[in-house]
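Enquirer: No letters, just coordinates:
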């Protein structure tokens, strides 16, 4: 069974974080949500809009070999924490070095950029590209390039998560979850 790591930093975009976890689980992907335990003493992570989400595990306990992908929800405050966190940056680099999948949406492609693991072609929340590489941003809902999946923002979270399902668990699971969630607007 494919397994995903979703990193939740204080200030993450709740729609994105919860949607990623939900859609991946519907698609047969085992998911662990991790919190930045070096910054916070609790697994209760407060999102950008004040919604508290209980993360599964402290980030420092993960074993990279157990995961096929690391996924980052956006939200500026959360993204900045991801970009500034030494352990997160090391994990992103190690995933890339081992040929594993990376996924980030909204502002979070910035954290991939800081780690030096963002693919040539990417998308993000409009305006964030100014802090990355404006000339390489693609105006698609979801972009897959060199084992990196990126997406634009809260309204694209289902499509983003569905693409992760497709890449990890195949077309059949992608279609099953897409139809079951009525996400017909997501690309086939």
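Expert: That came in fine, so what should we check first? All values derive from a computational prediction rather than experimental measurement.
Enquirer: Beta-bridge partners for the closest residue to residue 37 other than its chain neighbours, please?
Expert: Leaving aside its sequence neighbours, residue 37 sits nearest to residue 58 (C-beta to C-beta, 6 or more residues apart in numbering; 3.6 Å). In this view, the C-beta of every residue, glycine as well, is placed from N, C-alpha and C. Residues in a beta bridge with residue 58, per DSSP bridges, are residue 35.
Enquirer: Surely residue 58 is in contact with residue 35?
Expert: Yes: between residue 58 and residue 35 there is a contact under C-beta atoms under 8 Å: 6.2 Å.
Enquirer: neighbour count winner among those two?
Expert: Higher neighbour count among residue 58 and residue 35: residue 35, with 24 against 14, using other C-beta atoms under 10 Å.
Enquirer: pLDDT of the longest helix along the chain, averaged?
Expert: The longest helix of the chain (DSSP state H) is helix 157-180. If you average the pLDDT over helix 157-180, you get 97.
Enquirer: Would you mind pulling the contact partners of it?
Expert: Contacts with helix 157-180, where a contact means C-beta atoms under 8 Å, 6 or more residues apart in numbering, come from 2, 4, 15-16, 19-20, 22-24, 26-29, 68-69, 71, 73, 101, 103, 105, 141-142, 144, 149, 151, 181, 183-187.
Enquirer: Of these, grab the buried ones for PyMOL.
Expert: Selection command for PyMOL covering only the buried members of these, criterion 16 or more other C-beta atoms under 10 Å:
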select buried, resi 2+4+15+16+19+20+22+23+24+26+27+28+29+68+69+71+73+101+103+105+141+142+144+149+151+181+186
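Enquirer: Could you tell me which of the contacts of helix 157-180 are located in strands?
Expert: Counted as lying in strands by DSSP state E, out of the contacts of helix 157-180, are 4, 69, 71, 101, 103, 105, 142, 144, 149, 151.
Enquirer: Tell me how far the last one lies from residue 60.
Expert: To tie it back to what came earlier, the one meant is residue 151. Residue 151 sits at a distance of 27 Å from residue 60 (criterion: C-beta to C-beta, to the nearest Å).
Enquirer: and what of the fourth one?
Expert: Applying C-beta to C-beta, one obtains 21 Å for the distance of residue 101 from residue 60.
Enquirer: now the second one
Expert: Separation of residue 69 from residue 60 (C-beta to C-beta): 19 Å.
Enquirer: again, but for the fifth one
Expert: Spatial separation of residue 103 from residue 60 under the definition C-beta to C-beta is 21 Å.
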